[in-house]
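[1] pasting the sequence and the predicted coordinates here, then a few questions.
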Amino acid sequence: MKKLPFKSWILIIFAALVAGGIYWYYAHSGSARKAQQIFEETGIKGGLVVHLGCDNGKLTAGLHANDRYLVHGLAGDKETAEKARKYIQDRDLYG
């Protein structure tokens with residue numbers, strides 16, 4: 001088996017990092033855009049937001065646009081709630 005040159009490895013690693021970054025951006029920014037659309041359509045500028053049917057926590061986290069919003073997500077089962085809680089905790093938004 002022929003070895004790849006060093007430059008090829010650098011290019012492969014760079015492409016993988018770029019692809020991962022693009023995936024992460026779109027996976028996380030979609031929820032933020034959806035939350036922004038909700039705020040624009042409703043005209044809400046702050047207060048208590050209750051997210052019924054919280055699934056993975058992404059939209060719930062996006063609904064915390066700033067400190068004027070207190071967001072509470074309600075999930076249908078314990079496993080979904082734990083997944084959402086972990087996502088929100090990882091972004092230092094829990095509590």
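    That came in fine, so what should we check first?

[2] okay, now Lys45: neighbour count?
    Residues within reach of Lys45, counting by other Cβ atoms under 10 Å, total 10. (Each C-beta comes from the backbone N, C-alpha and C, glycine too.)

[3] for it, give me the pLDDT.
    What the model reports for Lys45 is a pLDDT of 91.

[4] next: Ala84.
    Looking at Ala84, its pLDDT stands at 96.

[5] isn't it right up against Leu59?
    No. Distance between Ala84 and Leu59: 9.4 Å, which falls outside the contact criterion (Cβ atoms under 8 Å).

[6] now do the helices in the protein.
    6-42, 58-62, 78-90 (DSSP state H).

[7] right, so of those helices, which gets closest to Arg68?
    Comparison of the helices of the chain against Arg68 by Cβ to Cβ identifies helix 6-42 as nearest, at 10.5 Å.

[8] pLDDT on the closest one, on average?
    Mean pLDDT, computed over helix 6-42, is 76.

[9] tally of neighbours for Tyr94?
    The number of residues packed near Tyr94 is 13, by other Cβ under 10 Å.

[10] list the contacts for it?
    With contacts defined as Cβ atoms under 8 Å, 6 or more residues apart in numbering, the neighbours of Tyr94 are Arg85, Ile88.

[11] could you check how far it is from Ile13?
    With distances defined as Cβ to Cβ, to the nearest Å, the gap from Tyr94 to Ile13 amounts to 34 Å.

[12] more crowded one of Ala84 and Leu59?
    In this comparison of Ala84 against Leu59, neighbours counted by other Cβ under 10 Å, the higher total goes to Ala84 at 23 against 20.

[13] switch the helices of the chain over to CSV; also include distance to Leu52.
    Listed next are these as CSV, based on distance: least, Cβ to Cβ, whole Å:
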stretch, distance to Leu52
helix 6-42, 13
helix 58-62, 10
helix 78-90, 12
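
[14] closest to Val50 out of the ones you listed?
    Closest among these, using Cβ to Cβ: helix 58-62, at 9.9 Å.

[15] alright, calling it a day.
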